[in-house]
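Enquirer: curious how this folds, go ahead:
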Amino acid sequence: IKFIKEVKDYDGKNIPLEVILRKGKYFGQDVLISTSRDISERLRTEKELKNNERHLKEIYENSPVIMYSENEFGIIEQVNNKFLEVFGYDKEELIGTSFFELLNEKFQETYQLDRVLFWKNGIVKDAEYSIQTKNGRKLNILIDSKLINYNNSKLCLSVIRDVTEQYKYQSELASSVDRFYKLFENAPIAMCITSHTGDFLDFNKAFIKLFGYSADELKTMNVVAIIHPDDAEIDEKIICQIQGKNYETYTTEKKYIKKDGSVIHTILNIITDQEKDSLHPRSISQIVDITEIEHSNELLKNKQEILDLTLEASKTILWDINLSTGDAVWKNIESITGAKGDEILVDRARFKRFIYPDDYVFVKESIGYVTNSKEPYTIDFRLVSENGDIKWVNTKGQVKLNENGEPTNIYGTLQDITEKKKYEEALEKSEEKFRQLYERNLSGVYRSTVDGQVLDCNPSFAEILGYDSVEEVLETGNALYFYSNQTDRNGIIEE
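Expert: From the prediction side, this is the model:
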């Protein structure tokens, strides 16, 4: 017979014992043999394991990261609340089905091949798919999967990252850069891009037409070859000033020599474009031929930057802060900070080193706020990785309360959003460049509907037509007023 009984020790403290009674013989007599052992430590460990398991389940269920698990037959066994929220299903609709069925048809074969590789290698990273939510919305997703052992069974635990917005930023960036190059290529004013040494990197149609050289000839030339000798000294000063970063834009009158030997008088506007990873600036030059016309007072002050950003899926850290000690357990910390170890203990000093100095007070106050309010929260701030890299992260967390309603822990997730921040900043800069190139263009530009309704124009257009302001142009209402002969505009529409 085996049973558990509490006894008191010498100090009166209750001790749980596991007691085992067996029948036996002692000098030929039937007796009961009793053995017992202290199981305090075992019971404490079992309780702690149950608490940890419950805690991990709470993190899984309430994590802001989309998670699900499936067995070796591809059947979904668990999904968390974020999964249900994003994809719009009830848990009963998903448990027992296959994730394969949720994917858009053209990705289903890829998913099956990826699953074969997963069960062979035990891991899959950044698998890209397209999925349709219950309400019909299409999402682009990346999935990281890892093989785990749970209750003596092998499970595939997967984390889904919704990259729909990132793909949208990528598309908008490409569109913005494309608009810039269309404006650059088709501008009626000669424009070129040169290296810090003066070599031609790019040029538009108007530049080729103005100077008479072919595109192949210009690719092998330096800007010095077309500068009039009288202005060579001026050009040398401009280059020195640009390399010394004294100016971001520079405007001057300048003489050039065309291929046929003729001299042209121009207004030259140079804009420096310092690439992030380049030691030397490039220059964007706009050249207006004023040999036979008066030059405009409106100068181009736009600064161009060609963006080459690559998208890396955001990584996620699970963290749990003990409010009494200030220590935190960070899971998957290496993915963002570079710190070695799958799960490490981060004390207050190390935590402070991870936070970008300017953001530390903000993060500390946020933790204080959520502790007092006991409400979930989300903030963005910067981290400093082990190698000194600064990364933008988004953290979402919530408070864990004890049986008295007092906060004991704060736990949640921390996700790398550096690429998203870069895209937002790059898109804003790219749109600003396009806007400035439009508004400060020395050429007159306006937009209208096909039937002639004026939508907008730049200041140069208003000045060329003799209006006092852009607003006065827009008050005319119809682009037909700009033509002395309306058939001219009809001809443009037909073309």
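Enquirer: which stretch of helix or strand covers the residue nearest the centre of the chain?
Expert: Closest to where the C-alpha atoms of the chain average out (Cα atoms, centre = their mean) is Lys420, at 1.7 Å. If you go by DSSP states H and E, Lys420 is part of helix 418-439.
Enquirer: how many neighbours does the residue lying closest to Lys259 once chain neighbours are set aside have?
Expert: In this structure, Lys259 finds its nearest non-sequential neighbour in Gly212, 3.6 Å apart by Cβ to Cβ, 6 or more residues apart in numbering. C-betas here are computed from N, CA, C, even on glycine. Residues near Gly212, counting by other Cβ atoms under 10 Å, number 13.
Enquirer: could you double-check that Gly212 lies in contact with Gly261?
Expert: No. Taking contacts as Cβ atoms under 8 Å, Gly212 lies outside contact range of Gly261: 9.7 Å.
Enquirer: was I right about the residue nearest to the centre of the chain contacting Tyr169?
Expert: Yes. Taking contacts as Cβ under 8 Å, Lys420 lies within contact range of Tyr169: 7.2 Å.
Enquirer: pLDDT below threshold where in the stretch 251-400 of the chain?
Expert: 273-281, 292-316, 332-333, 335, 341-344 (pLDDT under 70).
Enquirer: all strands for it, in order.
Expert: 263-273, 282-289, 316-322, 328-331, 343-346, 377-384, 390-401 (DSSP state E, counting those that start in this stretch).
Enquirer: chain center to the longest one: distance?
Expert: It refers to strand 390-401. Computed by Cα atoms, centre = their mean, to the nearest Å, the chain-centroid distance of strand 390-401 equals 17 Å.
Enquirer: what residues of that strand count as buried?
Expert: With burial defined by 16 or more other Cβ atoms under 10 Å, the residues of strand 390-401 counted as buried are Lys391, Trp392, Val393, Asn394, Thr395, Lys396, Gly397, Gln398, Val399, Lys400.
Enquirer: also the first one?
Expert: Under the neighbour-count criterion of 16+ other Cβ under 10 Å, strand 263-273 has Ile264, Thr266, Ile267, Leu268, Asn269, Ile270, Ile271, Thr272, Asp273 buried.
Enquirer: just stretch 402-418 next, same as before
Expert: For stretch 402-418, by 16+ other Cβ under 10 Å, it's Pro407, Asn409, Ile410, Tyr411, Gly412, Thr413, Leu414, Gln415, Asp416, Ile417, Thr418.
Enquirer: among those residues, which are located in strands?
Expert: Pro407, Asn409, Ile410, Tyr411, Gly412, Thr413, Leu414, Gln415, Asp416 (DSSP state E).
Enquirer: beta partners of the last one?
Expert: Residues found in beta-bridge contact with Asp416 (criterion: DSSP bridges) are Val393.
Enquirer: I'd say it and Ile336 touch.
Expert: Yes. Asp416 lies in contact with Ile336 (Cβ under 8 Å); the separation is 5.1 Å.
Enquirer: for Ile208, which non-adjacent residue is spatially closest?
Expert: Ala215 (6.1 Å).
Enquirer: how about the closest residue to Tyr369 other than its chain neighbours, what does it touch?
Expert: Among residues not flanking Tyr369 along the chain, Tyr377 sits closest, at 7.0 Å (Cβ to Cβ, 6+ apart). Residues near Tyr377 by Cβ atoms under 8 Å, 6 or more residues apart in numbering: Ser366, Tyr369, Val370, Lys396, Gly397, Gln398.
Enquirer: could you export those residues as TSV, including distance to Ile284?
Expert: Below are the contacts of Tyr377 laid out as TSV (distance: Cβ to Cβ, whole Å):
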residue	distance to Ile284
Ser366	43
Tyr369	47
Val370	48
Lys396	43
Gly397	46
Gln398	50
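Enquirer: burial check on Phe203, number of neighbours?
Expert: Using other Cβ under 10 Å, Phe203 is surrounded by 22 other residues.
Enquirer: I meant Ile257, not that one.
Expert: So Ile257, with other Cβ under 10 Å, has 15 neighbours.
Enquirer: swap in Leu474?
Expert: Leu474 has 15 nearby residues by other Cβ under 10 Å.
Enquirer: tell me how far the helix or strand harbouring it lies from the chain's centre.
Expert: Assigned by DSSP H and E, Leu474 belongs to helix 470-476. The gap between where helix 470-476 is centred and where its chain is centred comes out at 40 Å by Cα atoms, centre = their mean.
Enquirer: need the contact partners of that helix.
Expert: Residues contacting helix 470-476 (Cβ under 8 Å, 6+ apart): Tyr446, Val454, Asp456, Cys457, Asn458, Pro459, Phe461, Ala462, Leu465, Tyr467, Phe482.
Enquirer: need the nearest residue in space to the third one, chain neighbours excluded.
Expert: Right, Asp456. Arg447 (5.5 Å).
Enquirer: for that neighbour, helix, strand, or coil?
Expert: strand (DSSP: H, G, I helix; E, B strand; the rest coil).
Enquirer: who touches stretch 393-406?
Expert: Residues outside stretch 393-406 that contact it (Cβ under 8 Å, 6+ apart) are 55, 58, 62, 64, 319, 336, 370-371, 374-383, 407-418.
Enquirer: got the CA positions of it in PDB?
Expert: Output of stretch 393-406 as PDB, limited to C-alpha atoms (Å, rounded to 0.1, in the frame of the first residue of the first chain):
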ATOM      1  CA  VAL A 393      11.800  47.000 -32.000                       C
ATOM      2  CA  ASN A 394       8.100  46.800 -31.100                       C
ATOM      3  CA  THR A 395       7.200  45.300 -27.800                       C
ATOM      4  CA  LYS A 396       3.800  44.200 -26.600                       C
ATOM      5  CA  GLY A 397       3.200  43.000 -23.000                       C
ATOM      6  CA  GLN A 398       0.800  42.500 -20.200                       C
ATOM      7  CA  VAL A 399       0.900  42.100 -16.400                       C
ATOM      8  CA  LYS A 400       0.600  38.800 -14.600                       C
ATOM      9  CA  LEU A 401      -1.200  39.200 -11.300                       C
ATOM     10  CA  ASN A 402      -1.100  37.000  -8.200                       C
ATOM     11  CA  GLU A 403      -4.200  35.700  -6.300                       C
ATOM     12  CA  ASN A 404      -4.400  39.000  -4.500                       C
ATOM     13  CA  GLY A 405      -4.600  41.000  -7.800                       C
ATOM     14  CA  GLU A 406      -1.000  42.300  -7.300                       C
END
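Enquirer: and stretch 222-231, C-alpha only, in PDB?
Expert: Extracted C-alpha coordinates of stretch 222-231, given in PDB (Å, rounded to 0.1, in the frame of the first residue of the first chain):
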ATOM      1  CA  ASN A 222      34.000  63.000 -68.000                       C
ATOM      2  CA  VAL A 223      32.100  66.200 -67.400                       C
ATOM      3  CA  VAL A 224      35.400  68.100 -67.800                       C
ATOM      4  CA  ALA A 225      35.300  67.300 -71.500                       C
ATOM      5  CA  ILE A 226      32.300  69.500 -72.200                       C
ATOM      6  CA  ILE A 227      33.100  72.500 -69.900                       C
ATOM      7  CA  HIS A 228      34.300  75.700 -71.600                       C
ATOM      8  CA  PRO A 229      37.900  76.600 -70.700                       C
ATOM      9  CA  ASP A 230      36.700  79.900 -69.200                       C
ATOM     10  CA  ASP A 231      34.700  78.100 -66.600                       C
END
